[in-house]
Each structure stands twice: as structure tokens, then as C-alpha cells.
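*Asks:* test case, fold it:
(chains A and B)
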Number of protein chains: 2
Amino acid sequence: METTTRLLLPEVTEALNQHPSELVELTEELHPADLADLAGALEAELAQKLMAVLPIEIAARMLEACDEKQRLELFEPLAERALSAAVSITDEMAADDRADLYALLPAELRSRLLEAIDDDESRDIRQLLSYPEDSAGALMTTDFVALPATHTAAQAIDLVRGSAAEMETIYIAYAVDPHGTLLGAVSLRDLVTSPADRTIDAIMNPNIVSVHADEDQEDAARLLAKYDLLALPVVDRTHRILGIITVDDLMDVVEEEATEDAQKMGAVEPLETPYTTTPLLQIIRARGPWLIVLFVAVMATENVLEHYSHSDLLSVTMLMWFVPLIVSTGGNSGSQSATLIIRAMAVGRLDGRDTLRILAREFAIGLVLGVIVAVVGVCRVMATESTRSVAMAITMAASITAVVTAGAMVGAGVPILLRRLGIDPAVSSTPFIASVLDIAGLILYFEIARLFLP
Amino acid sequence: METTTRLLLPEVTEALNQHPSELVELTEELHPADLADLAGALEAELAQKLMAVLPIEIAARMLEACDEKQRLELFEPLAERALSAAVSITDEMAADDRADLYALLPAELRSRLLEAIDDDESRDIRQLLSYPEDSAGALMTTDFVALPATHTAAQAIDLVRGSAAEMETIYIAYAVDPHGTLLGAVSLRDLVTSPADRTIDAIMNPNIVSVHADEDQEDAARLLAKYDLLALPVVDRTHRILGIITVDDLMDVVEEEATEDAQKMGAVEPLETPYTTTPLLQIIRARGPWLIVLFVAVMATENVLEHYSHSDLLSVTMLMWFVPLIVSTGGNSGSQSATLIIRAMAVGRLDGRDTLRILAREFAIGLVLGVIVAVVGVCRVMATESTRSVAMAITMAASITAVVTAGAMVGAGVPILLRRLGIDPAVSSTPFIASVLDIAGLILYFEIARLFLP
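*Replies:* Predicted structure coming up:
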């Protein structure tokens, strides 16, 4: 809980219980994001009371600042109880946040709301809902400034000024032809610093970056970050402008995607809601399947160990003592490589064209690291009376070098391979790579032992 | 390599070799970010030739778009060869990017440059260089619009228009008193939609969010994302405005911090440069120490296994076969919890106040997951003739439940504990938690076996 929220919570709770109308003044001073925090900290019943007393515009700003779960919890009861109040609030909301909210609602309630609102808005929402999840189209807003290329700077400034209240940003406008085709971008900076009678097509920057509506939101984020833009125009196949994605929405995308990748790499199915507010059952559902898959994947280690324990190796008991050490070292080496490669891919630094170079690098790195760790391993073997022997030292040195090298290659190779097959490399989660390495590592270890031990 | 770069590379290489001056026209059309890509793809010698022929302003924009390594490689040779040309370029650069570049230069060259530039700029650079790395102060730029609170909207627009060329953003300006104390924020949107004679103190928003210069850049990023700001003012202890941090710089911070966290969680010391361009030796240095630390941490498993293999347990050989399975399942459970907790902390969703609730949740989750995986484990034991026995099935079921539960608690507890001790929880890297769990898991397993097996 943020400090602001903690300080205000008792006061707000009391006001809601006794004289809710006094709250309005207090909430007008608060930033919508703080108001959303506050609503999240209140009990469900009080939060809904708060929604009911807030002025329409403030309620709309607060909903925009809420996360999805909270949005639904605040809005659904209100819509069920007072459809027209709910409609007024969504009228005030930004087009993209409004569409996101409609997407969350039960189908029946959504249809009732869509019938109650303006035709224009209803069409806009249906259109935004038709784009695939996590696409640029689903993320964009349709509230942007389009300027006819033939307008003068003075006309354009008037137009921007007149529509300022409804637009997501007025700092960047887009020049279009009569068909809506995107011709260029014009910043408000360019408009205010240009002579009043210069036309837009002379002011605009025609070299602009845009995305197609069905492109992935991650690609949009990458473009926006690369070119340091405030907004990115979204176009259809004929290059007509459909909407824009603003930098604040993409900031959230970057953070969300990093969380998703981290969860996948930790063998957790990405959660839809923040960890702290996700119900237990949902967390179990996100973790259980992966835990079982990994368990089944490692089951073969039992067969490998059983096989070698029946073999003719005299020192098999002693060899068993080092199994966790061998297995975990291979896994650690693999998880290091996998992390570096997956992250390099996520930030767009690696495109799979230089696979061979990467594998060669990882081979060299693995070999050097393997030899370094092997030195420590040999010290360990020689330091204990029960394991001290030259043959065992050689076995350990060779096994560690082999598993660390194998770890580096598998850790790098699996994500690259998955990417080539069109699978998100983050799901090759480091624990999964570790499971593969467990089995491979044991076989390497015992086969090397066979060479050097009686 | 990006498509634009790949397409242009042959043409640019040829032009640089034959008639460099023809390049200027081509490069004027390119976005600085694409130009930076192009320079990165050229051989060192040609890239420096490109720097030399570019007009001052374009060279400055290109350097701003480069990453640190590339910036240094392009700028240092030029500065050594032609100090005055180098000075003209840094004059043109944004204050924050310029200071970053100076920070990279060898001390001797930096002093020579600082002497050659204007006193004002030299003071500005020294000031920016004095803030700690990764602080808000080190990230901010001093190119921002400050408006006297007594100005009218019309005066303010003139002032903004006049300084537009040098400023990082003109879309947000800051109202100050004669001492430079930050009074409020004024967006260009508010300025253009206000009556011309209204004064700034009537237009500005006095409820503004700011950061202190020595606060962490991650905190700045969190505030900017939460409040959907275009820029965040940076103030000193007396609330005087020192500079601003713009959203495009923080977008890079979010991505960098996510990469750093991912690397730490994968037991790699964060790399300063992208994986693909980091020299082998540096990667080995980032990985070697962690690999050795983890190896040493897991060494104790040998003692545990040796201890139990000398014990009075009759089925010790059979128990050994399941060691990797037990150990890896505990580790996977721990890595799931650790990932969820560390990421929840990174996005500011968990502040350590609800430790007990989290541990209770993880205990419940671990128990349920443990029972589920135990069912699979029992099937495995009963499916193989050599391991089939009720006692062994009970041992497996109890051990798996115990290690998965222990994994969930340790995986959640260690990051929370580290955070309380003021250590970055990401360095408790999931492999490290797995090492702790290896040892604990083995002891649990063999002690449970002692209860149920002869």
C-alpha cells in the first residue's frame, strides 16, 4: 500500500460510513492513480459506495487508473444496479480503457451496455474488441488528432485546441489525406514554431514509423523505445490510420512482458493478475502443471541411476555421493546461458541468424568455466579421506568440465531452437533446461567414471 | 540487424570508400536511431569516416541514439584527432546524453574537453557527473522549460516557442518562484487552451510528483508509470528544480532493470553491454564466480549422502536412485515461488509488510502442489518392479510433499528476508535457493525414509 493511501484510508472509511458527500472535495485533490489505490484498499462494499458518490468524470479517471481485476469489481455491480450511470461513466473514459473494460464484462451485460450507448461509441468499442489480445490494435486508442494535410498551421492549432479535452495526446497529430491515409506526423512543437500560414504538408515529417493493427504489442513497444516517440500510429493494410498507441500504455506493456517472461522462465504459467491479489487456486493452477511436467521429465534419472548401480563399477556407492553436485552444476551453467540468450532475444538483440557463432561462443565459455569449477571439484575430492584417489579426481574433473560445457550449449541452443520453431523461448524455462541436463549430466558422469575407475 | 540497415549497408560502404560527401543527403533522411544502427554495422574505420563527414547536428543526434559502447568507439577517436570538432558535436547534444558520454571518456581526454567548452556547459556536465550511478540525478537532463509563476499564458507560450529548439520536451513546463523552487506543472495543452492573460499560477497543477536527485532511477520509473507522466521533475532537498527525466529515458530504464533482474535470477552478474557484443572474457567473469559459489554451496550434499550411505538403512541403494528427482522437484517449487515474489517486489506490488500472510499462502500452495506431485511419484514407484513396495511409496509421497512445501516457503522467504536486510532480492537468484533446497531436501528425504523403511 502506498503512503498516500495508508494515510487517507481511515478518514475515507469514516466519511463513507457517515457522510459520503463530503468525500467529493477530498477526492478532487487526489491523482486518479492514488484514488484507484484507495479504492483497492477499501472493502468491496465501501469501494462501491465510493464509486456511487464520485462525480462522473472522476469515476472515469479512477477506472482508467485501475488494473483489470479492480476495474471489473468496481464497475460490474454499478452497471447491474444503475445502467445509465454506468453508461455516463464509460462515455467519459478514454477509448482504449473503455474497450478493455467492455472486454472484461459478462457477455449479457456488455450487450445491454452496447445498446444503451451512442451508435458511434458502440461501433468504436466493437471495432477495438475485434483485434486479437496483445496486438497493437487491441492496445490503441481511437482518440487522436488527425489533420488534413492542406490545413495551415493556424487552422491546425485551432483544431487541436478545440478537441484537446477528448484526446489522449495533443502533442503529436497525424496528417491525413481525404481517405484517411497516413501522410506524416506533426508535433505541437512544430505547429507552434511554424509560421501561421504554412500548410501541414510542408511542416509534417513524412518519414514516420507505424505498426499494423495485428502486430504484436511487444514489437510496438520496441519501435517506440527505439525511436523515442510519444505515440505510435496504428494503420490498416491500406495505410489508413486507425488509432495511436501512447507511450504511457507501452510503458505498462514493457513491464508486463518482463513479468510474463520472468514467470515463464521460473516455470510458472503467467498470472493474469498481480501475485498478491491472485486467488490461491489460480496460483496452484499456474504452477501445478509445470511442476508435474518437470517431475515426469526428470523421472528418467531413476532409470539411469538404477542402470549404473547394477553395472560393474566398483566405486558406484562413492559415485552416488556426488550426483547432486554434478547435476546441479550442469543445471546452473545451463540456466546462466538460457537467461542471457532469452533476455537478449526479448530486447531484440538476437535474431537467430548467428546461431552458429553463439553456440561456438557458448562452447568456449562453457569449457573455460568447466575447467575452473573442475579445479574446485578436484580439491573437494582430495580433501575428503573417503573419496581421495587420483582416478576419482580425474573422473570429477572430466565430468564437471563436460557437464558445464554441455550446460552452456543446451542452455543457449534450446531457446534458439524454440524461437526458430515459432515457440516463445521463455517457456523453455530454465528449470526445463535443467531437467534435460540432469539426465544428460548423469550419463556423462557415469560413462566418464567407467573410463577412469575400476 | 534491422531491415533498414541491411538494405543500406552496401550503398553506404561504397559511398564512404569512394565519395563520402554524397552521403550527407542520404543520412539526412534517416532517423538518428537508424543511423546509429548503420554506424554499428560498419567496420570501425568506416564508422569513424562516417562521423567525420556528418554535419555537426546529425552527428550529435546519432551519438544520442547510440548505446554507451558505440558512443565511446565513435567519439573517442574523433576527440583525439580533432578536439574542436568534437566540442561542437557535444555542444549540440542533449545535456543528459552529453554527460553520459563524458562519463565514459578517459579522465585525461575528459579534462581537455571540459576546458575547451563553455564554462556554463562545463559546470552543467560536472554537476550531472557528480550524482551516483543509477540515481535520478544521473539520469535527468537540465534542458527543461522553467516558467516564472507570474507570467501570463501568452508570455509563457512565447518563452516556450523561443526555447523549443534546445529543450528535451516543451510539452510540459515547470512553474518556479524567483529562487527556482518548484511550484507546479503546466502542460502545453493547458497553455494553448487557457485565455492569453491568465497567469501561470492560476493555470498550473500544484499537486505534482517529483523525485530527489539521489533517489533510485527505478523509483522514478515507477512513479512515472503510475501517474502516466511525460516527464518527472528532479528536485534538491530544498525543493528547487534541478532537471527533468523524460519518459523515453525511463522506458530504457525499465527494460535495463528487467534485464538486470533476469540475469541476477539466472545467477549471472549483470552485463554492462548487450550479450552479443560483450567479450567472452567478460561473460566468463560474470558467470564464473556464481558458478563456483553455487558449487561450493551444494558440496555439502556429498556429506549428507555419504552420511546416510553409512547408516543402518537397508534400502539405501534404492533410495539413491530417486535423489535427483527429489532434489530437482524441491528446487523447481522454490524457483516458482522465488520468481513470483521477486517479480512482485520489482513492480512494487509487495512491500514486505505482509510477510506472514505470504508465507502462510505459500505453505498452503506448497502443500497442495506437494500432494499432487506426490501422487505422480507414488505411481512411478509402483510402476517399477525393483522399487515397488508400500513402504517406499509412503516414503516417496511424504518426501515429495515435504520438499515441495519446503521449496515454496524457502523460495518465498529468502527474497523477503534479503529485501528486509537491504539486499536486492534478485541476487538470491533462483539457483541459489535451489542449492539450499538440495541440502534440506536430501535430509528430509532420508529422515522420512528412516521412519518408514527398515
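*Asks:* list the buried residues for stretch A:290-306?
*Replies:* A:290-295, A:297-302, A:304-306 (16 or more other Cβ atoms under 10 Å in any protein chain shown). All C-beta spots, glycine's among them, are computed from the backbone N, C-alpha and C.
*Asks:* er, stretch A:432-449 I mean
*Replies:* Quick answer for stretch A:432-449 (16+ other Cβ under 10 Å): A:432-442, A:444-446, A:448-449.
*Asks:* cool, stretch A:150-161 as well?
*Replies:* A:151-153, A:155-157, A:159-160.
*Asks:* picking up where we left off before, near chain B, which of the buried residues of stretch A:432-449 show up?
*Replies:* A:434-435, A:438, A:442 (Cβ under 8 Å from any Cβ of the partner chain).
*Asks:* which one of the residues you listed is nearest chain B?
*Replies:* Nearest to chain B out of those is A:Asp438 (Cβ to the nearest Cβ; 5.4 Å).
*Asks:* what about the helix or strand where that closest one lies, average pLDDT?
*Replies:* Taking DSSP states H and E as the definition, A:Asp438 sits inside helix A:430-452. Mean per-residue pLDDT for helix A:430-452: 86.
*Asks:* okay, angle between it and helix B:430-452 too, please.
*Replies:* Angle of helix A:430-452 versus helix B:430-452, following axes from the mean of the first three to the mean of the last three Cα atoms, to 10 degrees, is 70 degrees.
*Asks:* elements contacting helix A:430-452?
*Replies:* Applying 3 or more Cβ pairs under 8 Å, 6 or more residues apart in numbering or on different chains; DSSP states H and E, we find helix A:430-452 packed against helix A:280-298, helix A:300-309, helix A:316-321, helix A:323-346, helix A:390-420, helix B:323-346.
*Asks:* please save the CA atoms from that helix in CSV.
*Replies:* This file holds the C-alpha atoms of helix A:430-452, laid out as CSV (Å, rounded to 0.1, in the frame of the first residue of the first chain):
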residue,chain,number,x,y,z
THR,A,430,15.4,-22.6,-17.2
PRO,A,431,14.1,-25.4,-14.9
PHE,A,432,13.1,-27.3,-18.0
ILE,A,433,16.6,-27.0,-19.5
ALA,A,434,17.9,-28.1,-16.1
SER,A,435,15.8,-31.3,-16.3
VAL,A,436,17.3,-32.2,-19.7
LEU,A,437,20.7,-31.5,-18.3
ASP,A,438,20.1,-33.7,-15.2
ILE,A,439,19.7,-36.8,-17.4
ALA,A,440,22.5,-35.9,-19.8
GLY,A,441,24.8,-35.0,-16.9
LEU,A,442,24.3,-38.3,-15.2
ILE,A,443,25.1,-40.3,-18.3
LEU,A,444,28.2,-38.3,-19.0
TYR,A,445,29.3,-38.7,-15.4
PHE,A,446,28.9,-42.5,-15.2
GLU,A,447,30.4,-43.0,-18.6
ILE,A,448,33.4,-40.9,-17.7
ALA,A,449,33.7,-42.9,-14.4
ARG,A,450,33.8,-46.1,-16.4
LEU,A,451,36.8,-44.9,-18.3
PHE,A,452,38.9,-44.0,-15.3
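*Asks:* quick one: the strands in the stretch 51-200 of chain A, in order.
*Replies:* In the stretch 51-200 of chain A, strands defined by DSSP state E, counting those that start in this stretch lie at A:146-148, A:172-176, A:182-187, listed in chain order.
*Asks:* next one: the one residue in the stretch 51-200 of chain A that gets nearest to chain B from A:Arg240, what distance?
*Replies:* With Cβ to the nearest Cβ as the measure, A:Tyr171 is the residue of the stretch 51-200 of chain A nearest to chain B, at 4.5 Å. Distance of A:Tyr171 to A:Arg240, computed by Cβ to Cβ, to the nearest Å: 22 Å.
*Asks:* who has more neighbours out of these two?
*Replies:* A:Tyr171 (22 against 13; other Cβ atoms under 10 Å in any protein chain shown).
*Asks:* contacts only, for the more buried one.
*Replies:* A:187-189, A:230, B:171, B:188-189, B:230 (Cβ atoms under 8 Å, 6 or more residues apart in numbering or on different chains).
*Asks:* tell me, what residue is most central in chain A?
*Replies:* Residue closest to the mean C-alpha point of chain A, counted by Cα atoms, centre = their mean, is A:Glu257 at 1.4 Å.
*Asks:* which helix or strand contains that residue?
*Replies:* helix A:247-265.
*Asks:* quick one: A:Ala286 and A:Leu271 touch, right?
*Replies:* Yes. Judged on Cβ atoms under 8 Å, A:Ala286 makes contact with A:Leu271 at a distance of 5.8 Å.
*Asks:* got any residues that touch both of those two?
*Replies:* Joint contacts of A:Ala286 and A:Leu271 (Cβ under 8 Å, 6+ apart) are A:Gln263.
*Asks:* okay, domains of chain A per the record?
*Replies:* Per automatic domain parsing, the domain ranges recorded for chain A read A:3-130, A:146-247, A:299-452.
*Asks:* show me what contacts the residue nearest to A:Gln70 when sequence neighbours are not counted?
*Replies:* Once flanking residues are discounted, A:Gln70 sits nearest to A:Gly40: 5.4 Å by Cβ to Cβ, 6 or more residues apart in numbering or on different chains. Contacts for A:Gly40 (Cβ under 8 Å, 6+ apart) come out as A:47, A:66, A:70.
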